[in-house]
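Asker: What shape does this take:
(2 chains)
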Amino acid sequence: MATLIAASSLRTCLGDGAGTFAALLDGRSGVGPLRHPLTGQLNVTAGYQIDRPAPDAALRAGTWLRECVEEALTRAAIDPTRSRVVALVGTGLRELAAVEELAFTGAATAPSRLHFGPAVRDAAPGLAEVVTIANACSAGGHALALAQDLIETGEADAVVVGAADTMTASMLAMIGKVTPEPTTQVRPFDRDRTGVLLGEGAAALVLVGEDWTGPAVGRLLATGLSCDAVHETAPDVDGISRAMHDAWSRAGRDPDEVDLVVAHGTGTALNDPTECTALRRCLPRPAGPLVTAVKGAIGHLSGAAALANLDVALRCLASGTVPPVVGLANPLPEGDGLAFVRDARAHRDVTLAQVNAFGFGGVNAVTLVEAP
Amino acid sequence: MPAPPVTTVAVTSYSVHLPADERFGAAVADLPPVEPGCPADRAHTLLGRKGLLYKEPATRLALCAVHRALGLPDGVRPDTALDPRTAVVAASNLGNVATVVDVTRAVAKEGSRGVSPMAAPNASSNVIASSIALWFRLGGPNLMVCSGETAGLDALALGALLLRARRADRVLVVGAEPDDETAVAVRRGPAADPTAPPLRAGAACVVLEPVTRAAAPLATVTVGPTLSRRVPPPTRIVVGPGHLDPAAAWGDCYGAQGVLQTALAARLVAEGADSVAVLCGGDDDGWRTALLTPGRRP
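Answerer: Below you'll find the model as predicted:
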């Protein structure tokens, strides 16, 4: 039984899904000076932020998520009061920025605003079941996996898969702590990469079963999941490879069918070589897939990163064009043999794409998607 | 690879790890007594001394609950090979809020110099789930549920889903909350409800397996959908607000409460109750019910 993606909606610093894809194809970066009350103390000076609501407003992630859920449900023309609809929301940092207000002003936020139940219910009145999954930088991929399970076991007619993240002072501080010099631009898979920068954004998809008769933007084959259980923060080739094998085995497809990988590509010292090694281990060479990555253009959207990658993959499937890796000039040695898209967009009929997302704590989600 | 549905999910072990305090003096009629556990700062007595230094209280309590549910000997950290078929689903809303606020205060005061990189894992909300995986070498899917009042039963429902979708052969569903000053302030929010039971630190674990694989099922479990209103469960025995209510007696474990109540319900069923419902939730996040019935296959 297949799962179809009826609609996908995205918000990044480069705009909505169409605007983000157009900017990616042009090789544009949305990086800018960091606007945060503690800029200057964080050793982080740049970020990929969304202008509205302004960076000092409260509960911004929920605002973008609400817009994305409204848009996706409208496009799919699904009424949550008339069918069994469940929402799963992936996030890295929840609305912890609101908790940090306790440190600044002592102001308390309602505890239910830490997660995204209220934001989704605002967008979809009548939708009671909203589960927020805080699975770090692969949260959206985990939500996607569980959503497909809900469709395929018949436990829901449709699932809204959302993801949203903004920046927190505490996470910015940790990023500042591990970089000697502040990073000015994320450079995925570049040998001279200097680390990650946070992005802001949200995404929402609507998943439905095979009997769906409405419009569809993609066919979800499978998402493989694994946990490294090796290190608190460092990624692990074996753990990532298990998620890739799980995805291919659940899809019942062969890895040599893949045309495109939208990689996790964080531009950090550890992720990029580890991801390259896993890709070389799990995907066939030399006629391997194109590899692209978006974090040089939109930053690391944390829990929303997987769904941002997926929205881009769907647009590659639909358009036959693949954006270049913004920020990549000289590929790292571990990437030898991988077909990175560089400098300019590539034209290729993409029929099956793999989307990677890996998170703190070794939580891995690898998604396979093809055209509807 | 659509798998045929796994029909029934069994509870095969459970634990409740509530640090001892004066509230246990008040026994709750018809609720099984709970053996008090060690507080977070004494977690080494159960878990062994090594590796706990930068672990937050909620993570320590969660590790204690898993240690007890797995029936491991006191004071010894397990030395096992990676188990890729056991999943972890943790539920907690407040586990890392103290770290988040402390780090923010430190940065505001002294810049990034004031921050220890050892606290980095705790800045991420999934630290409880991933710490359990790392400690017990569990390589299956690893989920951190932070969905407010229903989090415990949301985690139970997702644990059952992982089994039905054949993503794991065994799932540890773990709830944990701390009761530090920041956690209490966040739980209280801007408009405190004076009638609500106070937040208490604690953890619980429920081990799920497909009934077809379970050597000794204690109970079978099904979780219902989230509803916006509270609907009375159909059973005579109900664990939850307005019924047998551990939160009213011992304090409220918020995101862990649904797991704790399920553990108590499993014990009631294992001791002979016909069927027990777990009611969990609140007016903010909605209500969810789980139903536990005797585990023997007919």
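Asker: Just to check, B:T150 is in contact with B:D283?
Answerer: No. At 11.5 Å, B:T150 does not count as touching B:D283 under the criterion of C-beta atoms under 8 Å. Quick note: C-beta positions are derived from backbone N, CA and C, even for glycine.
Asker: If you count surrounding residues, which of the two has more?
Answerer: B:T150 (30 against 12; other C-beta atoms under 10 Å in any protein chain shown).
Asker: Assign B:V238 to helix, strand or coil.
Answerer: strand (DSSP: H, G, I helix; E, B strand; the rest coil).
Asker: Need the phi and psi values for the residue lying closest to it once chain neighbours are set aside.
Answerer: Closest residue to B:V238 apart from its sequence neighbours, by C-beta to C-beta, 6 or more residues apart in numbering or on different chains: B:A277 at 4.7 Å. B:A277 adopts backbone torsions of phi -100, psi 150, taken as degrees, to the nearest 10.
Asker: hey, what's B:A277 bridged with?
Answerer: Per DSSP bridges, the residues bridged to B:A277 are B:V238, B:L291.
Asker: just the one 4 residues further on next, same as before
Answerer: In this structure, B:G281 has the following beta-bridge partners (DSSP bridges): B:W287.
Asker: so how far is B:Q261 from it?
Answerer: 11 Å (C-beta to C-beta, to the nearest Å).
Asker: So which of these two has more stuff around it?
Answerer: Comparing B:G281 with B:Q261 by other C-beta under 10 Å, the one with more neighbours is B:Q261, at 34 against 26.
Asker: That one: helix or strand, and which one exactly?
Answerer: helix B:257-270 (DSSP states H and E).
Asker: Taking the stretch 51-200 of chain B, what residue is nearest to chain A?
Answerer: B:S130 (2.5 Å; C-beta to the nearest C-beta).
Asker: wait, what's in contact with A:A204?
Answerer: Going by C-beta atoms under 8 Å, 6 or more residues apart in numbering or on different chains, A:A204 touches A:S8, A:S9, A:L65, A:C68, A:V69, A:E71, A:A72, A:V160, A:V161, A:G162, A:A163, A:L307.
Asker: Pull the number of nearby residues for the residue nearest to A:G296 when sequence neighbours are not counted.
Answerer: Nearest residue to A:G296 in three dimensions, chain neighbours excluded: A:G327, at 3.0 Å (C-beta to C-beta, 6+ apart). A:G327 has 22 neighbouring residues, counting by other C-beta under 10 Å.
Asker: before we move on, what about A:E232?
Answerer: 18.
Asker: How about B:R213?
Answerer: 13.
Asker: Confirm that it sits in a helix.
Answerer: No. Counting by three-state DSSP, B:R213 is not part of a helix but coil.
Asker: residue contacts, it?
Answerer: By C-beta under 8 Å, 6+ apart, the contact set of B:R213 is B:D169.
Asker: Roughly how far does it sit from chain A?
Answerer: 18 Å (C-beta to the nearest C-beta, to the nearest Å).
Asker: Likewise for B:P19?
Answerer: 22 Å.
Asker: in the sheet, who's paired with that residue?
Answerer: B:G37.
Asker: quick one: it and B:P39 touch, right?
Answerer: Yes. Counting by C-beta under 8 Å, B:P19 does reach B:P39; the two are 4.1 Å apart.
Asker: what do those two both touch?
Answerer: Both B:P19 and B:P39 are in contact with B:A201, where contact means C-beta under 8 Å, 6+ apart.
Asker: which residues in the stretch 51-200 of chain B form strands?
Answerer: Under the criterion DSSP state E, counting those that start in this stretch, strands of the stretch 51-200 of chain B are mapped to B:86-91, B:142-145, B:170-177.
Asker: Dump these to TSV, plus distance to A:T3 and mean pLDDT.
Answerer: Shown next, in TSV, are the strands of the stretch 51-200 of chain B (distance: least, C-beta to C-beta, whole Å; pLDDT from 0 to 100):
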stretch	distance to A:T3	mean pLDDT
strand B:86-91	21	98
strand B:142-145	19	98
strand B:170-177	22	98
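Asker: Using JSON lines, lay out those together with distance to B:G242 and mean neighbour count.
Answerer: Output for these, formatted as JSON lines (distance: least, C-beta to C-beta, whole Å; neighbours: other C-beta atoms under 10 Å in any protein chain shown):
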{"stretch": "strand B:86-91", "distance to B:G242": "22", "mean neighbour count": "31"}
{"stretch": "strand B:142-145", "distance to B:G242": "24", "mean neighbour count": "32"}
{"stretch": "strand B:170-177", "distance to B:G242": "20", "mean neighbour count": "31"}
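Asker: export the ones you listed to JSON lines and tack on distance to chain A?
Answerer: As requested, the strands of the stretch 51-200 of chain B are arranged in JSON lines below (distance: least, C-beta to the nearest C-beta, whole Å):
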{"stretch": "strand B:86-91", "distance to chain A": "7"}
{"stretch": "strand B:142-145", "distance to chain A": "4"}
{"stretch": "strand B:170-177", "distance to chain A": "11"}
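Asker: a markdown table for those strands, including distance to A:G288?
Answerer: Converted to a markdown table, these look like this (distance: least, C-beta to C-beta, whole Å):
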| stretch | distance to A:G288 |
| --- | --- |
| strand B:86-91 | 31 |
| strand B:142-145 | 29 |
| strand B:170-177 | 35 |
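Asker: Low-confidence stretches in the chain?
Answerer: All of this refers to chain A. A:1, A:286 (pLDDT under 70).
Asker: Chain B is the one I meant
Answerer: In chain B, residues with pLDDT under 70: B:1-6, B:25-27, B:296-298.
Asker: quick one, phi psi at B:R23?
Answerer: Dihedral angles (degrees, to the nearest 10) for B:R23: phi -70, psi -20.
Asker: Just give the nearest non-adjacent residue to it, would you?
Answerer: B:W250 (4.9 Å).
Asker: Name all residues that make contact with the residue nearest to A:G296.
Answerer: A:G327 touches A:S29, A:Q185, A:V186, A:R187, A:P188, A:D190, A:R193, A:G267, A:K295, A:G296, A:A297, counting by C-beta under 8 Å, 6+ apart.
Asker: Closest approach to chain B from chain A, which residue is it?
Answerer: For chain A, C-beta to the nearest C-beta, closest residue to chain B: A:G361, 2.5 Å.
Asker: Now do the phi/psi pair for that residue.
Answerer: Taking degrees, to the nearest 10 as the convention, A:G361 sits at phi 90, psi 10.
Asker: Can you tell me the closest non-neighbouring residue to it?
Answerer: B:S130 (2.5 Å).
Asker: Repeat that for A:I78.
Answerer: A:A158 (5.3 Å).
Asker: With B:A201 instead?
Answerer: The nearest residue in space to B:A201 (C-beta to C-beta, 6+ apart) is B:D179, at 4.0 Å.
Asker: contacting residues for that neighbour?
Answerer: Per C-beta under 8 Å, 6+ apart, neighbours of B:D179: B:P198, B:L199, B:R200, B:A201, B:G251.
Asker: and with 7 Å instead?
Answerer: B:L199, B:R200, B:A201 (C-beta atoms under 7 Å, 6 or more residues apart in numbering or on different chains).
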